[in-house]
Every structure is written in C-alpha cells, then in structure tokens.
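Student: Below: sequence and its predicted model.
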Amino acid sequence: MEFVMMDKKPHIKPYLYGMLAGFGAIALSIIFFFLIYRFDGFGSAISTLTGILMPFIYGAVIAYLLKPVCNSIESFLRRFIPEKMNGLINALSVALTILFGLLLVYALVMMIVPQLITSVTTLYYTAQANITKFMNWANHLEFIEKNEQITELLNSAYAALNTNLDTWNTWLKNTLLPSMQNILSGAAIGVLNVVTVAKNLIIGIIVAVYMLASRKRFVQQGKLVLHSIVRPRWAQLITEEVKYADKMFGGFINGKIMDSAIIGVLCYIGCLIFKFPSALLVSVIIGVTNVIPFFGPFIGAIPATLLILIQSPIKALWFVLFVLVLQQLDGNIIGPKILGNTTGLSSFWVLFAILLFGGLWGFVGMIVGVPLFAVIYDVIKKLVIHGLQRHQELTLLNSYHDQFGDPADDAAAQPAASQPAENQ
C-alpha cells in the first residue's frame, strides 16, 4: 500500500503546478485590471509615497554619486591605517567624502551665483537699449526691408514692448498692488516649498551618510535576501545584471557630469576669448543642458543664442559657429574619451529612450533614460539569446552577426553560448 502511494505522488505534481500557474495568471490579471481601472488612485498613492520617501531618494542619489569618491578615499586610507582599525577607516572615508561634496557645492555656488546675478542684472537694465539696437540692425537688413510683413511685425512687437516698459508704474499701481494678496499667498506657498526641499535635502545628506557608511553591509544583506528567495543559478544571473546596471548608471552619469563640466569650462574660456556677452550665464546654460544626451546641445544653444542676440546680433552668429565647433569637439573627442561606448545602444535607441523617459519623467528622465534603457535592452538581448540556445537556433544569431556585425551582441552571445547545458 505504501508503494502505491509513493507511486501516485509524482502524478499529482503536474496538476498542482497547473493549478498554481492558473491561480497566478488570474491573480496577475486582476491586479493588472485593478491598476488600469484605478490608475488615478494608484498614481496618487505612488505620488504620496514618493513625497514621504523623498529624503531617502535624495540621500540615495547623493550616496550613489559620491560612492566612487568614498571608495577612492577608503583605498587611499588603507595604505596608511592598519586593517584592524577598519571602523576608523570607514568613518574617515565617509566624513571626508561628505566634506568633499559640500565643499564642491559651496565652491560652485560662490563662483557662479554672484556672476550670474551680475549678468542677469546687467541684462535687465540694458534690455531696452539693446532691443533698440537690435531693431535698428534688423530694419537695415536687406531681406527684412523688402518684406513688409516682417518689418510690420518687428515694429509692432517693438512698440508693444516699449509701451509695456513705459507703463511699468501704471501697471504697478493698478494691477500689482490690488493683486498683492494673491501674490503673497503664492509667495508663501513658494517659501513653504523651498523650506520643504531644504528639509528633504538636509535629511537626505544624513541618509547619504548612513548609506555610505553601510554600503557594504547593504550589499551583503541584499545577497542574503536574493539567495533566500531564488535558486543559486538565478541569483547569480540577477547579481550579474545588477552589477551591469550599476556599471552602466555609474559610468554614464558620472562620465556625463564630468563631460558637461569640461564643456562648460571650455565654453566660458571661449566666451572670454571672443568677448561674448553674459559669458558665465551662457556657459552655465551650455554646461547644464549638455548633461542631456543628443538633445542637450540644441536645448542649451537656443536660449544662450537668444541672450547674446539681444545684446549683439553679430556676436550671436559667431556664437552659433562657436557652439557647433564645441559640440563637434565634444561628440568626437571629449565625449568618447570619457564615456566610450558605455551603453552599446545605436543612435535610434538612444533617441527612443530620451523621448520615452523624457515624456514620462521630464528632465530627470532624459538623463537616466539612456542607461536605464540600456539595461532593459541588455536583459531582453540575453533572454533572446537564451531562447535561441534552448531551441538550438544559434545559427540565426551567427548569421545576424555576419550580416550586421553588432559587437555588443557578439559579446553577449559568447558567454550565453558557452554556458553548460544544465543552465538551460
């Protein structure tokens, strides 16, 4: 009797697995339908949760950006401090890293903000005179003189602008003062938002200290949790993918920040040499927007050119040429030297990632979209290679390589093809 019972048990497993699979599919379908049907409420809940955890998000971002600095300082300190004083090494490396970050931000603020205020103030007080000069220059251009519609449009816009500038006091008395209550309410909300951001930032710095100090412990805890949930083979695959994602994000974002800083400094030096107006303000715009892949140079060049155009139309044309040369230098020499081919994505997928994640998350999405999509692309690529290997169709992959010669796919295919059969 016992032998019969032992013989029947294996036949139950397929039905049990089928029941569990069916239950899982139904549960996922219900959850998916609920998320779509209640999308507004779900989005509101996510926004509320994000607002609560914003200090931890700030802290995680700060810690991630400062992690290479902390690792470098720790490696340097280990040369002079004995291994038995590991706690002192960790504390000193974290303290010096946070001090380095604060000093860097302080230096940038003290160097940039005063000159930015000066540039904006000068631009404000000379706006009317510069616009008058621009109108005189534009009206004497031959193609504008021959086109009556353009001339009337420019003159009407100039007259409207002068009227607004001349009636500033009237607007101040009749419009601004009666609306002062609404303005004060808006200002109070703005001050409250600034205070909230400052509070989140201060707490975020404290969180970053804890994350940097416990970064190795968090990694080991993550490994323990991962190996307790999935099998060793899957744990190894997930660990490799997480390392790839860390390499992709860290290398791309840190490299892009360094590349943009170099471009901003070169732009400032060029503006000083060619005596472009508002040199620092223009250089900050070019440097900050250069963080955005592909579209960054165009996004930064347009407002920077308009700033110079108001003050000197001729210099604006020279500035456009200067920016084109600078971006060619960045795209062909500086960028490849710093970043290399870190993403392994074609230009089409870079453009797709920027548009997709930029539309979802705005400016932040345009920055992190490329490395994030590169990780997604790598996961899909490995799944496709694994599926071809399982169905013994690797000849299709080889013919694809022979036809298109994708080195990134070649590098991914070799490890997959060399895996033992038990991994299939």
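Tutor: Looks like it came in fine. Note that the coordinates shown come from a computational prediction; the quantities given were computed from them, not determined experimentally. Numbers count the residues shown, from 1 in each chain.
Student: can you pull out the strands in the stretch 251-400 of the chain?
Tutor: Taking DSSP state E, counting those that start in this stretch, the stretch 251-400 of the chain contains no strands at all.
Student: so where do the helices sit in it?
Tutor: Ranges of helices within the stretch 251-400 of the chain are 279-289, 296-311, 313-329, 335-338, 347-390, 394-404, based on DSSP state H, counting those that start in this stretch.
Student: now these in JSON lines, with mean neighbour count, mean pLDDT and distance to Tyr244?
Tutor: Just so you know, the C-beta spots here come from the backbone N, C-alpha and C atoms, and that holds for glycine as well. Listed next are the helices of the stretch 251-400 of the chain as JSON lines, based on neighbours: other C-beta atoms under 10 Å; pLDDT from 0 to 100; distance: least, C-beta to C-beta, whole Å:
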{"stretch": "helix 279-289", "mean neighbour count": "22", "mean pLDDT": "86", "distance to Tyr244": "28"}
{"stretch": "helix 296-311", "mean neighbour count": "19", "mean pLDDT": "82", "distance to Tyr244": "25"}
{"stretch": "helix 313-329", "mean neighbour count": "16", "mean pLDDT": "88", "distance to Tyr244": "30"}
{"stretch": "helix 335-338", "mean neighbour count": "15", "mean pLDDT": "76", "distance to Tyr244": "20"}
{"stretch": "helix 347-390", "mean neighbour count": "16", "mean pLDDT": "85", "distance to Tyr244": "6"}
{"stretch": "helix 394-404", "mean neighbour count": "12", "mean pLDDT": "78", "distance to Tyr244": "20"}
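Student: quick one: which of those helices is nearest Leu20?
Tutor: helix 347-390 (22.6 Å; C-beta to C-beta).
Student: What residue, apart from its backbone neighbours, is nearest Thr97 spatially?
Tutor: Cys70 (4.2 Å; C-beta to C-beta, 6 or more residues apart in numbering).
Student: Next: Val379.
Tutor: Using C-beta to C-beta, 6+ apart, the closest residue to Val379 is Glu241 (6.4 Å).
Student: any idea whether the one you found is helix, strand or coil?
Tutor: helix (DSSP: H, G, I helix; E, B strand; the rest coil).
Student: pLDDT score assigned to it?
Tutor: Turning to Glu241, the model gives it a pLDDT of 89.
Student: What of the one 10 residues further on?
Tutor: According to the model's per-residue confidence, Gly251 sits at a pLDDT of 83.
Student: That one and Ile262, how far apart?
Tutor: 16 Å (C-beta to C-beta, to the nearest Å).
Student: now Val194
Tutor: Separation of Val194 from Ile262 (C-beta to C-beta): 31 Å.
Student: which one of the two has more residues nearby?
Tutor: Ile262 (18 against 10; other C-beta atoms under 10 Å).
Student: contacting residues around the spatially closest residue to the more buried one that is not a sequence neighbour?
Tutor: Excluding the flanking residues, the one nearest Ile262 by C-beta to C-beta, 6+ apart is Ile334, at 6.0 Å. When contacts are counted by C-beta atoms under 8 Å, 6 or more residues apart in numbering, Ile334 touches Asp259, Ile262, Ile263.
Student: swap in Cys267?
Tutor: Taking C-beta under 8 Å, 6+ apart, one finds Val282, Ser283, Ile286, Gly287, Val323, Leu326 in contact with Cys267.
Student: and after the helix or strand containing Ile62, which helix or strand comes next?
Tutor: For Ile62, the host element (DSSP states H and E) is helix 54-77. Downstream of helix 54-77, the next assigned helix or strand under DSSP H and E is helix 86-125.
Student: Could you pull up the mean pLDDT of whichever helix or strand Phe23 is part of?
Tutor: Take DSSP H and E as the rule and Phe23 turns out to sit in helix 2-37. Averaging pLDDT along helix 2-37 yields 64.
Student: Same check on stretch 266-275?
Tutor: pLDDT averaged over stretch 266-275 gives 90.
Student: what do you get for stretch 216-234?
Tutor: Taken as a whole, stretch 216-234 has a mean pLDDT of 89.
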